[in-house]
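**Student:** okay, predicted coordinates and the sequence, questions at the end:
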Amino acid sequence: MLKIKEYTVRHLVASVLANQKDSSSLRQIILLMVHVVREICLLSPSFSQKYPPVKFLSEKDRKRILITGGAGFVGSHLTDKLMMDGHEVTVVDNFFTGRKRNVEHWIGHENFELINHDVVEPLYIEVDQIYHLASPASPPNYMYNPIKTLKTNTIGTLNMLGLAKRVGARLLLASTSEVYGDPEVHPQNEEYWGHVNPIGPRACYDEGKRVAETMCYAYMKQEGVEVRVARIFNTFGSRMHMNDGRVVSNFILQALQGEPLTVYGTGSQTRAFQYVSDLVNGLVLLMNSNISSPVNLGNPEEHTILEFARLIKSLVVSRSQIQFLPEAQDDPQRRRPDIRKAKMMLGWEPVVPLEEGLNKTIQYFSRELEHQANNQYIPKPKAARMKKGRPRHN
Ligand SMILES: O=c1ccn([C@@H]2O[C@H](COP(=O)(O)OP(=O)(O)O[C@H]3OC[C@@H](O)[C@H](O)[C@H]3O)[C@@H](O)[C@H]2O)c(=O)[nH]1
C-alpha cells in the first residue's frame, strides 16, 4: 500500500517539475505526504515493538495518572496495571532505586510517558490522580542517605500535594507499616499511633512517612485535597533490585548462589509478606474508594525470619548454611497487619499464597543471575547498615 503511494508521490513530483505552475498537483502532493507520514507514525510502533495488551477506555473513563517512583519495584507493577486498564500514565522517577528496565516495555506507547525528575523539585503537569510512591523503601537504601530520604518524604510530598491542589487531583500516599515502629500492639490496626524512635537509624524513613501522612491530612483539611493513605506492609516479588537488601531478595539470592543466608539477630522477629500483585490491586481499589483515612495493605500470615530462611532454602533446594549476624538497631520485633478495614471497606484481601509468590520470585532472580552472569558482574546483597563514604544530600 505504501509502495503505491510512493509511486503516486513520485509521479506527482515529476508532473510538478515538468510544470512548475501546477499548484493543484503540488497541493495533492502535500496532502498525500501528510497522509503517508501519519500512517507511518501509526504503524511504526507496532512494527518495532509489541506492547502488552491495553484495554480501550472512553474519554470519560480514561484518567491521566502520575506515578512518582513509577520505575521502582512496586511502582512499575502499578504502572503495568494502570496501563493495561487503559489509562494514560506518566512515570516520574529519579532512578535512585528505580530502573528504566522496569518500564521499558511501555516506552513509545501513546498512553505512556517517562520523566527523569526528582520530586524534591516541583513538577507542573495536568493529571487526575497521583500515586505518590517515590522514596527508597529498603532499610539499607533509606539509611544510605538519611537526609535525602527525609527530603524526599517531606519536600517531595509537599510538592506532590501542591500539585494535587493546583490541578484538583486526588493523591494516594504510599505510607508504610514502619509508621508503627517497633509496635507494642499486635497485630497492628490503623488506630494504633505507633512506637517509633525519632532519633534512631530508621527515623529518616519512619518519621518521614509519618510527617508525610500529617501533610496529607493538613492539605485535606485546609485545602480540600482528596487524599488516600495506604500503610504498606512487607512486600516482595519480581523487579526487586538485586542490591535491594530486604530479607526476601537477600535470602533468595544467597540460596541461589549457595551462600549463607544472613539472619540478623536470633531470627525470632516476625514479618508477614504479601506478593506485589496483591498490593497493586489494593492500591488501585483504595485510590478509587471514598476512604480518606489510612488503610493497612498487607498479608496477615506471620512467620519468624528464621522460618522464612528455612522455607526459602527448601524452595530453592539449596545447601546454603544459615548464618546469624548481629541484630539491626531498632528492628521491629513483631509485625502483622490487621486488615479488617481493607476487607470490610475495599473488599480486598491478599489472594496469592506465600509459596506461590516465592516461587515466582525465585524464578525471577534465577533469570536475573543468568543475565548478570552473561554480563560478568554479580552484585552481592547489601548488609543491613552499610554506610561507606559520605553520601551526597541532594
Ligand atoms: O539479610 C537479611 C535482611 C533482613 N533481615 C531481617 O528481616 C526482617 C525484615 O527486614 P526487611 O529489610 O526485609 O524489611 P523491614 O521489615 O525491616 O522493613 C520494611 O518494612 C516495610 C516496608 O515499608 C519497607 O519495605 C521496609 O522498610 C528484619 O527483622 C531484618 O532484620 C535478615 O534477617 N537478614
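**Tutor:** Alright, I've got the coordinates. Everything quoted here is computed from the prediction, not taken from an experiment.
**Student:** for the stretch 1-150 of the chain, what lies in contact range of the ligand?
**Tutor:** Taking C-beta under 6 Å from any ligand atom as the contact definition, the stretch 1-150 of the chain meets the ligand at 137-139. Placement of C-beta: from N, CA and C, glycine included.
**Student:** now these in a markdown table, please, with extra columns for pLDDT, neighbour count and secondary structure.
**Tutor:** A markdown table is the format used below for these (pLDDT from 0 to 100; neighbours: other C-beta atoms under 10 Å; DSSP: H, G, I helix; E, B strand; the rest coil):
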| residue | pLDDT | neighbour count | secondary structure |
| --- | --- | --- | --- |
| A137 | 97 | 23 | coil |
| S138 | 96 | 21 | coil |
| P139 | 96 | 22 | helix |
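**Student:** buried sites along stretch 218-238?
**Tutor:** 219-220, 225-238 (16 or more other C-beta atoms under 10 Å).
**Student:** that stretch and the ligand, any residue contact?
**Tutor:** Yes - for stretch 218-238, a contact with the ligand is found by C-beta under 6 Å from any ligand atom, at 232, 234.
**Student:** quick one: which of the buried residues of stretch 218-238 is nearest T149?
**Tutor:** Nearest to T149, judged by C-beta to C-beta, of those is I232 at 16.0 Å.
**Student:** run through who's touching stretch 244-251.
**Tutor:** Stretch 244-251 is contacted from outside by 73, 97, 138-141, 234, 236, 240-242, 261-262, 271, 273, 305, 308-309, 312-313, 358, 361, 365, 381-384, 386, using C-beta atoms under 8 Å, 6 or more residues apart in numbering.
**Student:** quick one: it near the ligand?
**Tutor:** Yes - contact of stretch 244-251 with the ligand (C-beta under 6 Å from any ligand atom) involves 246-247, 250.
**Student:** so of those residues, which ones are in helices?
**Tutor:** Counting by DSSP state H, the residues of stretch 244-251 next to the ligand place 247, 250 in helices.
**Student:** now, among the residues of stretch 244-251 next to the ligand, which is nearest to L114?
**Tutor:** Using C-beta to C-beta, the residues of stretch 244-251 next to the ligand come closest to L114 at R246, 24.9 Å.
**Student:** for that closest one, give its distance to S366.
**Tutor:** Distance of R246 to S366, given as C-beta to C-beta, to the nearest Å: 18 Å.
**Student:** these two: who's more crowded?
**Tutor:** R246 (22 against 14; other C-beta atoms under 10 Å).
**Student:** show me where the chain has strands.
**Tutor:** Using DSSP state E, the strands of the chain run over residues 64-68, 88-93, 112-116, 129-132, 170-176, 227-232, 235-236, 261-264, 270-272, 274-275, 295-297, 302-304, 322-325.
**Student:** which stretch among those strands comes nearest W348?
**Tutor:** Nearest of the strands of the chain to W348, taken as C-beta to C-beta: strand 295-297 at 7.5 Å.
**Student:** counting contacts, what elements does the closest one pack onto?
**Tutor:** strand 227-232, helix 276-287, helix 340-346 (3 or more C-beta pairs under 8 Å, 6 or more residues apart in numbering; DSSP states H and E).
**Student:** what comes into contact with that strand?
**Tutor:** Counting by C-beta under 8 Å, 6+ apart, 177, 188-190, 228-233, 274, 279, 282-283, 286, 337-339, 341-342, 345-346, 348 sit against strand 295-297.
**Student:** cool, and stretch 186-195?
**Tutor:** By C-beta under 8 Å, 6+ apart, stretch 186-195 touches 177, 179-185, 210, 231, 293-296, 300, 302, 334-338, 340-341.
**Student:** likewise stretch 89-96?
**Tutor:** So stretch 89-96 is in contact with 64-72, 75, 79, 82-83, 103, 106, 111-119, 123, 125, 127, 134, 136, 141, 148, going by C-beta under 8 Å, 6+ apart.
**Student:** same question, stretch 125-134
**Tutor:** Taking C-beta under 8 Å, 6+ apart as the rule, stretch 125-134 contacts 63-70, 72, 74-75, 78, 90, 92-94, 119, 152, 156-157, 160, 163-164, 167, 169-174, 283, 287.
**Student:** narrow the residues you listed to just the buried residues.
**Tutor:** 63-70, 72, 74-75, 78, 90, 92-94, 119, 152, 156-157, 160, 163-164, 169-174, 283, 287.
**Student:** what does the stretch 251-394 of the chain put close to the ligand?
**Tutor:** Within the stretch 251-394 of the chain, the positions lying close to the ligand (C-beta under 6 Å from any ligand atom) are 262-264, 269, 271, 305, 328, 331.
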